[in-house]
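Asks: Next comes the sequence, and after it the predicted model I'd like to discuss.
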Amino acid sequence: MESDYDELDRRLVHALQIDGRAPFSTIAAVLGVSDRTVARRYARLRSAGSVRVLGGVDPTALGAVLWFLRVRCAPAASLPVAEALAARPDTSWVSLNSGGTEITCVVRTESEADSEALLLAKLPRTPRVEGVTAHSVLHAFYGGPDNLVGKLGWLDAAAVERLRPPPVPRRPGPVRLDDGDRRLLALLATDGRAGYEQLAAATGWSPTTVRRRMTELREHGVLYLDLDVDWRVFGQNARTLLWLSVEPAHLEEAGRALAGHPEIAFAAATTGPTNLYASVVCANQRDLYRYLTTRIAALPAITHLETAPVIRTVKQAGNRM
């Protein structure tokens, strides 16, 4: 419940959104509390599953493809199928929607063969799966390193500026990952604040090499810091998925407009029966109705809108619930 969290919790989460690896001493100085208080608060929030700093990977920087799947199941089969999808290392944001008969999830595929194996062979033949709709992501308007926490604005501009890390220069060119890189990214995917000594032990590299390689991966756009957040920390209790059809000439305009909405956690242009997808976070159903009938209604050239309320989240960015 919202009462389980206070202003300091929300300010701490905002600080971590700005720089997920900022020392607790730096965050404490900005928030005006002790280092110990910040460390204790983060430990409590993390152990409760309310917030985690994660090392996110942009699959498109590695030539992979992101898919949004909508899997229709017989009611009794939905949870077992969702849990099986959540157990896969290539899935995230697995949820039950629409009365519990539909599963949505994000899947990362490394090749056409992977896509065919999952989308054309395995899932459609799963017992009691009644249909699968797949949407590949063409362009993300909001998400990844951009996080809804930053829109909620619990820190003032001066605090944000004190916490903001130096910009990461972009380095063009292909990236090849070796086994050490994969071990590094796997550990960061579970704990984006893991120390350099811990990362060195996992990779077999020196802490200096770990630091340098993390910088290189960020410069290539492969690695970014992300937050896995329970939105109830901010009093937001209703997560809803939107599937929109927009006239192609207005798709870019509509996507950019969506990205600026304070309710939007993710927005992307996709292939499939609809061409614009969004994840919306609101305080309650009344606020969702207001959002749909004002901001969404004002978007240009919307020809179709489908809403799918999330009734249970089985897996978030990298964390099974």
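Replies: The structure has been received and is ready for your questions. Residues are numbered from 1 along each chain as shown.
Asks: next structured bit after the helix or strand of the chain with the lowest mean pLDDT?
Replies: Scoring the helices and strands of the chain by mean pLDDT, DSSP states H and E places helix 112-116 at the bottom, with a mean of 62. The helix or strand immediately downstream of helix 112-116 is strand 129-142, counting by DSSP states H and E.
Asks: neighbouring contacts of that next one?
Replies: 60, 65-74, 77, 81, 119, 123-124, 255-256, 258-259, 264-274, 277 (C-beta atoms under 8 Å, 6 or more residues apart in numbering). For glycine as for every other residue, the C-beta is placed from the backbone atoms N, C-alpha and C.
Asks: Need the three-state assignment for L305.
Replies: Here L305 takes the strand state, with states given by DSSP: H, G, I helix; E, B strand; the rest coil.
Asks: Is it bridged to anything, and to what?
Replies: L305 forms beta bridges with L244, as assigned by DSSP bridges.
Asks: returning to what we had before: hmm, which of the contacts of strand 129-142 are the buried ones?
Replies: With neighbours counted by 16 or more other C-beta atoms under 10 Å, those contain buried members at 60, 65-73, 77, 81, 119, 123, 255, 258-259, 264-270, 274, 277.
Asks: In helices only, show me these.
Replies: 81, 255, 258-259 (DSSP state H).
Asks: if we take the residues you listed, which one ends up nearest to P23?
Replies: Comparing these against P23 with C-beta to C-beta places A259 closest, at 30.9 Å.
Asks: The closest residue to that closest one other than its chain neighbours and A317, how far apart?
Replies: Sequence neighbours aside, Y142 is the residue nearest to A259 in space, at 3.8 Å (criterion: C-beta to C-beta, 6 or more residues apart in numbering). Here the criterion is C-beta to C-beta, to the nearest Å. By it, Y142 lies 15 Å from A317.
Asks: Show me which of the two is the more surrounded one.
Replies: Counted by other C-beta atoms under 10 Å, Y142 and A317 do not tie: Y142 has more neighbours, with 21 against 15.
Asks: Kindly state the beta-bridge partners for that one.
Replies: A267.
Asks: Break down the stretch 151-300 of the chain into its helices, ranges please.
Replies: Using DSSP state H, counting those that start in this stretch, the helices of the stretch 151-300 of the chain run over 157-163, 179-190, 196-203, 207-219, 251-260, 285-291.
Asks: Tabulate those (CSV), appending distance to I311 and mean pLDDT.
Replies: CSV is the format used below for these (distance: least, C-beta to C-beta, whole Å; pLDDT from 0 to 100):
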stretch, distance to I311, mean pLDDT
helix 157-163, 35, 96
helix 179-190, 26, 95
helix 196-203, 37, 97
helix 207-219, 36, 96
helix 251-260, 23, 97
helix 285-291, 12, 96
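Asks: And the ones you listed: which comes nearest I103?
Replies: Per C-beta to C-beta, nearest to I103 of the helices of the stretch 151-300 of the chain: helix 285-291, 20.9 Å.
Asks: buried stuff in that closest one?
Replies: For helix 285-291, burial by neighbour count (16+ other C-beta under 10 Å) applies to 287-288, 291.
Asks: ok, now stretch 161-176?
Replies: Neighbour-count burial for stretch 161-176 [16+ other C-beta under 10 Å]: 162-163, 175.
Asks: and which of the residues you listed is nearest to A238?
Replies: Nearest to A238 among the buried residues of stretch 161-176, counting by C-beta to C-beta, is L163 at 29.3 Å.
Asks: show me what contacts the closest one?
Replies: 15, 18-19, 22, 26-27, 30, 155.
Asks: go with 7 Å
Replies: 15, 18-19, 22, 30 (C-beta atoms under 7 Å, 6 or more residues apart in numbering).
Asks: And for T203?
Replies: The neighbours of T203, taking C-beta under 7 Å, 6+ apart as the test, are 180, 183-184, 210.
Asks: Out of those, which end up buried?
Replies: 183-184, 210.
Asks: Show me which of these is closest to W231.
Replies: Using C-beta to C-beta, the buried ones among the contacts of T203 come closest to W231 at L184, 29.2 Å.
Asks: In this structure the closest one contacts L199, no?
Replies: Yes. Here L184 reaches L199: they are 6.0 Å apart, a contact under C-beta atoms under 7 Å.
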